[in-house]
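Participant: Build me a model:
(2 chains)
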There are 2 protein chains.
Amino acid sequence: MATETLAKWATSLSYSDLPESVIRAAIRSFYNWVGCAIGGSLHTATTIAHSSLEPFFGSPQSSLLGSQGGMKADAQHAALLNGIASHVHDYDDTHLDTIIHPTGLVASALLAVSEWKRPVSGRDFILALVAGIEAECKLGLAVWPHHYDIGWHITSTTGSVGAAVAVGKVLGLDVVAMQHATGVAATQVTGLREMFGSHTKSFHLGRAAQNGLVAAVMAGGGFTSSLRALEAKRGWVNVVSTENRLEEVLASLGTRWEVERNAFKPFPCGIVVHPVVDGCVQARSKLADASLRIEDVEVVDVHVHPLVLELTGKTEPKDGLEGKFSVYHGAAVGLLYGKATPAEYEDFVVLDPAVIEVRRKTRATVDESLRAGECHVRLDLGDNKIFEVHVDHAVGSLQSPMSDGQLQAKFLDQCGPVLGDEGASNASDACWGLKQTQDVAGTAATL
Amino acid sequence: MATETLAKWATSLSYSDLPESVIRAAIRSFYNWVGCAIGGSLHTATTIAHSSLEPFFGSPQSSLLGSQGGMKADAQHAALLNGIASHVHDYDDTHLDTIIHPTGLVASALLAVSEWKRPVSGRDFILALVAGIEAECKLGLAVWPHHYDIGWHITSTTGSVGAAVAVGKVLGLDVVAMQHATGVAATQVTGLREMFGSHTKSFHLGRAAQNGLVAAVMAGGGFTSSLRALEAKRGWVNVVSTENRLEEVLASLGTRWEVERNAFKPFPCGIVVHPVVDGCVQARSKLADASLRIEDVEVVDVHVHPLVLELTGKTEPKDGLEGKFSVYHGAAVGLLYGKATPAEYEDFVVLDPAVIEVRRKTRATVDESLRAGECHVRLDLGDNKIFEVHVDHAVGSLQSPMSDGQLQAKFLDQCGPVLGDEGASNASDACWGLKQTQDVAGTAATL
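Facilitator: The predicted structure follows:
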């Protein structure tokens, strides 16, 4: 009954059901997503996808965020390209219990459809966004961690359903059509972890957003699927995982809100590296306070959770994308520059001899006793000179969340180079005002 | 090295490498596919998908087969819709070793691209078609049967790679780009068996064709993926199956040709039902010879391979699509009408009381000793009056293949109602002449 349970919940959810804290979390998620999508719009993954697929673009229905002159594409391609752009810097949000990056999938599909089927109000948009995020994160919780362990990119494999639920919600699908939409989305299982470190990782998000959009639109037109797509013996959960907590997890729909457990990244790299970057930024301050330089350090020792080396163990990244999967690179830029923004993941920085030198000084050791958000950084300068930092909860975690001001600084840093400072500031205002708008297409026009 | 092995083989394959028997098999596969796509163009699954997605159509690049007035869509949507149409009657081809329906995926993508990037000659088309079919069938063999058993629709899960290889071949991708295309295609794992019996089953084929097309086009534009997408620890084979014979299977590329092992369906239903239909058609003749009628039969006993009841055990199908998954319906129409064409899978036939009565007389029993292509049919008329038929190899099997004449009769039966008799005849001539054409777009224009 899980597919029906989810469809009933999503179709009957109303804006007045959303606690104020959920609305705030949704707006922050949307805001962070827009910054990431605009910031990623110039990345080669986005531009190659754009130019390759442009021959197939349909009517200009929906905005390609950050594009020159407010370029548009049909809603399907807008969902795809905005989804790619929003994830390509690995700078987007993270539902920490599943390491799903939830907003990119849902918002990419939803904004594209909202511009096509205008007007969609800010409130209806928020409502659909929440429905979609809850759907994908619950689905992720049902199969975590086995599904991820065997090699699925859990963000996109669950996200097509999230996108379908969100789009189905703004299209006003009834319960049965929402079940069919869920089925068409669920059968498109996109995302193998083997693709991490290549353009295809961000394609996963864009394509899954598009898959969900297509699913909801087709189901709205009467296309049929299984009504038990998620829970059946050969349905989604049982095929993609040996774990199955679907019923249990769906029981908390509307009481435990997953969007409130969504965190935002201060650094554009795999979330498991964040404690190390945070610790290295802190360690750099300690060095500076002692009038010492990173060149004086002989060995950088970091002790980390096992997932860190499993996911980000690249010792010699060859370009910016690979740098995101290198805890060594994260440590090096934290120590050298005291920050890790997209600029520190440019190819030329990854190949800079000074950066390579610090990476090679860095040793990462797994400590099974550490939590994923925790790490120890230890700088050894010889002659028993040691600097140590313990990170208990990395900045950007739920325990130490980014403030609205920090989110805004990140947004302006991402959007400034694309939209200009005034454009970025206008975009920021428009996004913070999401709740008040009568037509989200107006918001999109500023992006 | 499997991904590289496949890419090297596919990119270096030339027309002169193809044995005459392989060329013939490819042309027959194409011919049968065209008939199925035209025959399925009026099905509601196709028309709903068409009308739902039409708002997103781009430039009219590629033909929607069987459409009024030679309608076109962008190549992506043409691949999707022709793929859906060609499978929706479950009347297409079958690579019996894997039960993959290979041509729909590859040809749907390939024809669409050949019209967009014209001219593509008939020979280049055949070459790419063979490359794609070999790729998907080898991939299927590598994971069969576990992959299918756990719930994947093996046709579409392998077919996106087949379509990517075929499109990559006509686009002239080099080895590395072909590896990237394989990766982008492989990461889009589309098709859960739970969707069987709904519109979504045929969507699997169309979407996977489109996935492969998009993958090859993007890789051609420089989009990157893993170069080890198939064989890596978290690559395609290891994530979607516990079975892995990839290296072994690829060793026979170019020596054992899978396209030669492709069979064509005389009946538009699950291939496992074919022996029963064949047996019941024969049993009907025996009854007629004895001047008896099906009304005189008390019990119809069929003994079948275990897969028959696993896949087609629906005793009370509610519509035409469900009828395809009912061995009981296959037996009933074979006995009542002596044939099983799409007409016998119309909703009103499935709901006809006379048909229901025969279905209810039919008992299906699993016999572990039978091969999948074998069955026993036994009609019990009471008073020890018994008629028995043993089918050793059903019509349409590799041992008892459809002749070119039978294929043509099937083609004309499918295309006549859509194109008119003259149009169907012209289409038939054009398809048989595939090898000679200088521009496949010219062939497509007749379809």
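
Participant: Near chain B, which residues of the stretch 51-200 of chain A? Just list them.
Facilitator: A:51-53, A:55-59, A:61, A:74-77, A:116, A:150-152, A:180, A:183-184, A:186-195, A:197-200 (Cβ under 8 Å from any Cβ of the partner chain). (C-beta placed from N, C-alpha, C; glycine too.)

Participant: quick one: which of these sit in strands?
Facilitator: A:188-190 (DSSP state E).

Participant: residue in the stretch 301-447 of chain A nearest to chain B?
Facilitator: At 8.4 Å from chain B, A:L321 is the closest residue in the stretch 301-447 of chain A, using Cβ to the nearest Cβ.

Participant: Wait, that residue touches A:G197, no?
Facilitator: Yes. Using Cβ atoms under 8 Å, A:L321 makes contact with A:G197 at a distance of 5.7 Å.

Participant: What helix or strand is the residue nearest to A:W9 when sequence neighbours are not counted located in?
Facilitator: Closest residue to A:W9 apart from its sequence neighbours, by Cβ to Cβ, 6 or more residues apart in numbering or on different chains: A:L253 at 4.7 Å. Assigned by DSSP states H and E, A:L253 belongs to no helix or strand.

Participant: Could you pull out the helices in the stretch 1-150 of chain A for me?
Facilitator: Along the stretch 1-150 of chain A, counting by DSSP state H, counting those that start in this stretch, helices occupy A:2-12, A:20-39, A:44-53, A:75-87, A:102-116, A:122-143, A:146-149.

Participant: Mean neighbour count added to those helices, as JSON lines?
Facilitator: Output for those, formatted as JSON lines (neighbours: other Cβ atoms under 10 Å in any protein chain shown):
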{"stretch": "helix A:2-12", "mean neighbour count": "21"}
{"stretch": "helix A:20-39", "mean neighbour count": "23"}
{"stretch": "helix A:44-53", "mean neighbour count": "21"}
{"stretch": "helix A:75-87", "mean neighbour count": "32"}
{"stretch": "helix A:102-116", "mean neighbour count": "32"}
{"stretch": "helix A:122-143", "mean neighbour count": "27"}
{"stretch": "helix A:146-149", "mean neighbour count": "18"}
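
Participant: Including distance to B:G334 and mean pLDDT, could those helices go into TSV?
Facilitator: Below are the helices of the stretch 1-150 of chain A laid out as TSV (distance: least, Cβ to Cβ, whole Å; pLDDT from 0 to 100):
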stretch	distance to B:G334	mean pLDDT
helix A:2-12	35	98
helix A:20-39	57	98
helix A:44-53	47	98
helix A:75-87	43	98
helix A:102-116	46	98
helix A:122-143	43	98
helix A:146-149	44	95
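
Participant: Now do the buried residues in the strand or helix carrying A:L412.
Facilitator: Following DSSP H and E, one finds A:L412 within helix A:404-432. If you call a residue buried by 16 or more other Cβ atoms under 10 Å in any protein chain shown, then helix A:404-432 has these buried ones: A:407-408, A:410-412, A:414-416, A:418-419, A:423-425, A:427-428, A:430-432.

Participant: tell me the mean pLDDT over it?
Facilitator: For helix A:404-432, the mean per-residue pLDDT is 95.

Participant: who touches A:R118 in this structure?
Facilitator: A:439-441 (Cβ atoms under 8 Å, 6 or more residues apart in numbering or on different chains).

Participant: how close does it get to A:L129?
Facilitator: A:R118 is 16 Å from A:L129, where distance means Cβ to Cβ, to the nearest Å.

Participant: go on, A:T200?
Facilitator: For A:T200 relative to A:L129 (Cβ to Cβ), the value is 26 Å.

Participant: quick revisit: which one of the ones in strands among the residues of the stretch 51-200 of chain A next to chain B is nearest A:V214?
Facilitator: A:Q188 (8.4 Å; Cβ to Cβ).
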